[in-house]
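Colleague: Pasted the sequence and its predicted model underneath.
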Amino acid sequence: MQMQSVRDARPNPQRRRLLRRALIITVVGNVGLAIGKAAVAAVTGSAALYADAANSVSDVFYSLLMTVGLWIAQKPPDESHPQGHSRFEPLAGMVVAGAMTLAAYEAARMAVSRFIIGGSAISGSWPTIILAVSAAIKGLMYLVTHRIAVKAVSPALDATAQDHLSDVLTSIAAFAGILGSRFIHPIADPIAGALVAIWIAKSALEVWQENVRYITGGSASAELREEIVQAAAAVKGVIRVHQVITEHAGPEIVADLHVNIDGSLPFSDAHAISDEVCVVVEALTGIDRAYVHIEPCEVPECDEEDVASLGPSTV
């Protein structure tokens, strides 16, 4: 007997407000920093600053595309997507990863070309000022966006927060490279640019891996699976939970549970137990939907006192 919770499919208004706030912060911050860095890089010719500016320009493009992706992900279920549009959210996260990859390539290209010509000492105070300001702003953007990503359970925003943190470190590296070009050797600037490119590429790879897992139906963590088992097993009438299958449907998890109940119970009681299991499982953080397969207990000694000794099995 297959049971499914029927929930209100309308988008969560609080989640929409959180996403909107994070997107506004991201777009406005990225546009301002991209303009400032690009202008100073064009005047000074710093490879390190150019690498950081390329990263900021890619941030602008991905933040605009991510806005579209998250807007689609918030649409309610319809005939074309009866389970909702949440899988579009990790697609938006992959857009972030793609933009970061392109930025890493452009930063590396510029650093190599400047390294070949021997680099140059970067003069003036504007490059260091813009990088110091950028690091401070991006640090604040990371803290705010990461907090919202956790509350909204959003992989796209989490990817964005990680990109903000990466930008803090790349700005610091570029800052050190510019100072090094003045006081140590001109080659320090393109070396810093190369380090920036490597760091961006590393961060991009991590974002790719996470969002590919979301979009291809990767399973929940062992900790979350155990939470699901414990929540379902605590429902009155459940004798044991003998199988839990989980997969990502976008940023959140779909859980398929097989639970044993007393086979002599009336159908209405079995249905009520199934509904209650759905309610408690879907109340867990990170769970989108729960499906419950009710099975009569076929083991004579399997009663409610034996739940702890039998223990649940998970897949």
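Modeller: Sure, I can see it.

Colleague: ok, residue 69 touching residue 156?
Modeller: Yes - assessed by Cβ atoms under 8 Å, residue 69 is found in contact with residue 156 at 6.6 Å. Bear in mind the C-beta positions are built from the backbone N, C-alpha and C, glycine included.

Colleague: With neighbour numbers in mind, choose between the two.
Modeller: residue 156 (32 against 21; other Cβ atoms under 10 Å).

Colleague: mind checking how far the nearest residue to residue 285 once chain neighbours are set aside is from residue 214?
Modeller: Leaving aside its chain neighbours, residue 285 sits nearest to residue 153 (6.9 Å; criterion: Cβ to Cβ, 6 or more residues apart in numbering). From residue 153 over to residue 214 the distance is 11 Å, taken as Cβ to Cβ, to the nearest Å.

Colleague: With residue 190 instead?
Modeller: 37 Å.

Colleague: Pick out whichever of those two has more residues nearby.
Modeller: Higher neighbour count among residue 190 and residue 214: residue 190, with 27 against 24, using other Cβ under 10 Å.

Colleague: does the more buried one really touch residue 46, like I thought?
Modeller: No - Residue 190 is beyond contact range of residue 46, at 9.3 Å (criterion: Cβ under 8 Å).

Colleague: who touches both of the two?
Modeller: residue 177 (Cβ atoms under 8 Å, 6 or more residues apart in numbering).

Colleague: Could I get the CA-only coordinates of stretch 158-173 as PDB?
Modeller: Taking C-alpha atoms only, stretch 158-173 is exported to PDB below (Å, rounded to 0.1, in the frame of the first residue of the first chain):
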ATOM      1  CA  ASP A 158      25.300  28.200  -0.700                       C
ATOM      2  CA  ALA A 159      27.400  28.100  -3.900                       C
ATOM      3  CA  THR A 160      27.100  31.900  -4.100                       C
ATOM      4  CA  ALA A 161      28.200  32.200  -0.500                       C
ATOM      5  CA  GLN A 162      31.200  30.000  -1.200                       C
ATOM      6  CA  ASP A 163      32.000  32.200  -4.200                       C
ATOM      7  CA  HIS A 164      31.900  35.300  -2.000                       C
ATOM      8  CA  LEU A 165      34.300  33.700   0.400                       C
ATOM      9  CA  SER A 166      36.600  32.700  -2.500                       C
ATOM     10  CA  ASP A 167      36.500  36.300  -3.600                       C
ATOM     11  CA  VAL A 168      37.700  37.500  -0.200                       C
ATOM     12  CA  LEU A 169      40.700  35.200  -0.500                       C
ATOM     13  CA  THR A 170      41.400  36.100  -4.100                       C
ATOM     14  CA  SER A 171      41.300  39.800  -3.200                       C
ATOM     15  CA  ILE A 172      43.800  39.300  -0.400                       C
ATOM     16  CA  ALA A 173      46.100  37.300  -2.800                       C
END
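
Colleague: would you list every one of the strands in the stretch 1-150 of the chain?
Modeller: 2-4 (DSSP state E, counting those that start in this stretch).

Colleague: Run through it and note the low-pLDDT ranges.
Modeller: For the stretch 1-150 of the chain, the stretches flagged by pLDDT under 70 are 1-12, 48, 73-74, 77, 80-87, 117-124.

Colleague: let's see 50
Modeller: 1-10 (pLDDT under 50).

Colleague: Show me the helices in it, by range?
Modeller: Remark: helices assigned in the stretch 1-150 of the chain by DSSP state H, counting those that start in this stretch are 13-44, 47-73, 88-116, 126-152.

Colleague: so which of those helices is the most packed in?
Modeller: Each of those was scored by mean neighbour count; the highest is helix 47-73, a mean of 25, by mean count of other Cβ atoms under 10 Å.

Colleague: now the angle from it to helix 13-44?
Modeller: 160 degrees (axes from the mean of the first three to the mean of the last three Cα atoms, to 10 degrees).

Colleague: any shared contact partners between residue 69 and residue 156?
Modeller: 89, 92.

Colleague: Per-residue pLDDT of the residue nearest the centre of the chain, please?
Modeller: Centroid-nearest residue in the chain, with Cα atoms, centre = their mean: residue 155, separated by 2.1 Å. Looking at residue 155, its pLDDT stands at 71.

Colleague: Could you do residue 230 as well?
Modeller: Residue 230 is given a pLDDT of 90.

Colleague: quick one: it is in a strand?
Modeller: No - according to DSSP: H, G, I helix; E, B strand; the rest coil, residue 230 belongs to no strand; its state is helix.

Colleague: okay, now it: neighbour count?
Modeller: For residue 230, using other Cβ under 10 Å, the count is 13.

Colleague: any idea how far it is from residue 281?
Modeller: Applying Cβ to Cβ to residue 230 and residue 281 gives a distance of 10 Å.

Colleague: same thing with residue 223?
Modeller: 15 Å.

Colleague: who has more neighbours, these two?
Modeller: residue 281 (25 against 8).

Colleague: List the contacts of that one.
Modeller: 228, 231, 232, 255, 257, 287, 290.

Colleague: Nearest to residue 166 among the residues you listed?
Modeller: Nearest to residue 166, judged by Cβ to Cβ, of the contacts of residue 281 is residue 287 at 29.7 Å.
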